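In: Sequence plus the predicted model coming up.
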Amino acid sequence: MENELRIIRTHVSFGEEQFTFLNSCSDHPIENDYIFSKVFTAESELEDFLLLLQKHLSVSDAFLEETRQICSDFFSKQHSLVLLFSDERSGSNRLTLTQAVVSGDRIHLELERERGLTMDMAYLFLFYPLNSGSVHTSSAHITNQPSLF
């Protein structure tokens with residue numbers, strides 16, 4: 001794939017209130033294996049959202065700094081960025097981008113989850129740079145890899 005998916009694993013405060021906040025900001029409703037996704041077309045727009053994440057999800061300063069570095073690199077080379085968030089029920093789950101389809105002003109990302117066996121949670125922020133400034137909305141869907149058991 002032309003663009004790579006970057007992933008940052010971090011600790012967040014996450015419950016019903018935080019889910020409701022993310023769902024209200026997402027380009028596509030978070031339901032039926034769709035996860036949070038939002039397109040940002042300017043670095044300043046993303047910075048405003050990061051401050052909201054700090055307020056609503058209590059993300060750390062270290063997470064904000066790492067995100068700003070990644071996104072600064074992306075915005076210097078690309079036109080826009082898709083930000084995704086997934087709360088994984090196992091810290092050893094692995095997500096892989098399998099498809100990215102642009103149709104008009106929308107991008108749809110398909111991810112595949114390889115299930116892990118640990119009992120810890122993982123909170124993953126995923127970043128996908130776009131070469132097109134004409135994409136303004138997104139959706140991201142996760143399917144589970146078939147189990148070997």
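Out: Cool, the structure landed.
In: How is Ala100 assigned, secondary-structure-wise?
Out: Under DSSP: H, G, I helix; E, B strand; the rest coil, Ala100 falls in the strand class.
In: If I look at it, what pLDDT would I see?
Out: Model confidence at Ala100, given as pLDDT, is 96.
In: My guess is it contacts Ile107. True?
Out: Yes. The criterion here is Cβ atoms under 8 Å, and Ala100 meets it with Ile107 at 6.2 Å. For every residue, glycine as well, the C-beta is placed using N, CA and C.
In: more crowded one of those two?
Out: Ile107 (23 against 19; other Cβ atoms under 10 Å).
In: did I read that right, that one in a helix?
Out: No. Judged by three-state DSSP, Ile107 forms no part of a helix; its state is strand.
In: and it, what pLDDT?
Out: 97.
In: now the one 3 residues further on
Out: At Glu110, the predicted lDDT confidence score is 97.
In: show me where pLDDT drops low in the protein?
Out: 1-3, 147-149 (pLDDT under 70).
In: again, only this time at 50
Out: In the predicted model, the chain carries pLDDT under 50 at residues 1.
In: In it, which helix is the longest?
Out: Criterion DSSP state H: the longest helix present in the chain is helix 61-77.
In: Could you check that one and say which residues are buried?
Out: For helix 61-77, burial by neighbour count (16 or more other Cβ atoms under 10 Å) applies to Phe63, Leu64, Thr67, Ile70, Cys71, Phe74, Phe75.
In: tell me what that helix is packed against?
Out: strand 6-10, helix 43-57, strand 80-88, strand 122-130 (3 or more Cβ pairs under 8 Å, 6 or more residues apart in numbering; DSSP states H and E).
In: where's the residue positioned nearest the centre of the chain relative to Val39, distance?
Out: Taking Cα atoms, centre = their mean as the criterion, Leu84 is the residue nearest the geometric centre of the chain, at 1.2 Å. From Leu84 over to Val39 the distance is 11 Å, taken as Cβ to Cβ, to the nearest Å.
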